[in-house]
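Asks: here's my sequence, what's the structure:
(2 chains)
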Amino acid sequence: AQTVTQSQPEMSVQEAETVTLSCTYDTSESNYYLFWYKQPPSRQMILVIRQEAYKQQNATENRFSVNFQKAAKSFSLKISDSQLGDTAMYFCAFMKHLAAGNKLTFGGGTRVLVKP
Amino acid sequence: NAGVMQNPRHLVRRRGQEARLRCSPMKGHSHVYWYRQLPEEGLKFMVYLQKENIIDESGMPKERFSAEFPKEGPSILRIQQVVRGDSAAYFCASSPRLAGNTDTQYFGPGTRLTVL
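Replies: Alright, predicted model coming up:
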């Protein structure tokens, strides 16, 4: 079974600065997908970014980028130029490729607080 | 294109009552997933359904919980004889297809169940 670990329960960052969230996972699969979801106080789960394990290039979405280290099974999220609206819980998630079910396995989350 | 719809958003039940949670997937999506989020935790997979079929129910408790996705209408997660430990946020997600690929799941706003 896959496990996803987020070792930072909470982080704070000043507005306009950069914060990096860590995520490690354990799997015997060679092909899979990784995701970061954001859950603001409204509790809506919002997709932030997605990475295919077979792609060496790190995914980016505007101010959000990942550092994917497949050998180390690490998938960190960098938020650049932090904005107040980035305040939320952030969840790292794993999904097997070509598996019946495609269920997501989530980490425990990191709470990010952006301070003005 | 409307997102994933869930209702009700909030549901209060007394111990022993039944809870019915509804999920309408995004237009064009035929795959539905249910997840449960206990307070201060990440989401945990419960069940994956396609129209009229349960594909993976490995995360469902063996008793009192059931799910369906009929040919017409929304997917229903049903919890019979609720107990206080069932209090949680229940999220539905949908994706467009499986067919040899892994698709991103898009989440609804969740139903917060409180058992008194």
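
Asks: excluding chain neighbours, what is closest to the residue sitting nearest the centre point of chain A?
Replies: When C-alpha atoms, centre = their mean is applied to chain A, the residue found nearest the centroid is residue A:36 (3.1 Å). In this structure, residue A:36 finds its nearest non-sequential neighbour in residue A:48, 4.3 Å apart by C-beta to C-beta, 6 or more residues apart in numbering or on different chains. Yep, even glycine has a C-beta here, placed from its N, CA and C like the rest.

Asks: distance of that neighbour from residue A:91?
Replies: Residue A:48 sits 9 Å away from residue A:91, going by C-beta to C-beta, to the nearest Å.

Asks: which one of those two has more residues nearby?
Replies: residue A:91 (25 against 21; other C-beta atoms under 10 Å in any protein chain shown).

Asks: so what's the more buried one up against?
Replies: The contact partners of residue A:91, by C-beta atoms under 8 Å, 6 or more residues apart in numbering or on different chains, come to A:6, A:36, A:37, A:38, A:39, A:45, A:106, A:107, A:109, B:42, B:43.

Asks: whichever strand or helix holds the third one - contacts with which helices or strands?
Replies: Secondary-structure assignment from DSSP states H and E places residue A:37 in strand A:32-39. Identification of packing neighbours for strand A:32-39 by 3 or more C-beta pairs under 8 Å, 6 or more residues apart in numbering or on different chains; DSSP states H and E yields strand A:46-52, strand A:64-69, strand A:74-79, strand A:88-96.

Asks: excluding chain neighbours, what is closest to the spatially most central residue of chain B?
Replies: The residue lying closest to the centre of chain B (C-alpha atoms, centre = their mean) is residue B:34, at 3.3 Å. Closest residue to residue B:34 apart from its sequence neighbours, by C-beta to C-beta, 6+ apart: residue B:46 at 4.4 Å.

Asks: any idea how far that neighbour lies from residue A:17?
Replies: Going from residue B:46 to residue A:17 by C-beta to C-beta gives 38 Å.

Asks: so what's the nearest residue to residue A:4 once chain neighbours are set aside up against?
Replies: Using C-beta to C-beta, 6+ apart and skipping residues adjacent in sequence, the residue nearest residue A:4 is residue A:107, 3.9 Å away. Shown in contact with residue A:107 (C-beta under 8 Å, 6+ apart): A:4, A:5, A:6, A:23, A:25, A:91, A:92, A:93, B:42.

Asks: per-residue pLDDT of residue A:107, please?
Replies: At residue A:107, the model reports a pLDDT of 95.

Asks: thanks again, I'm all set now.
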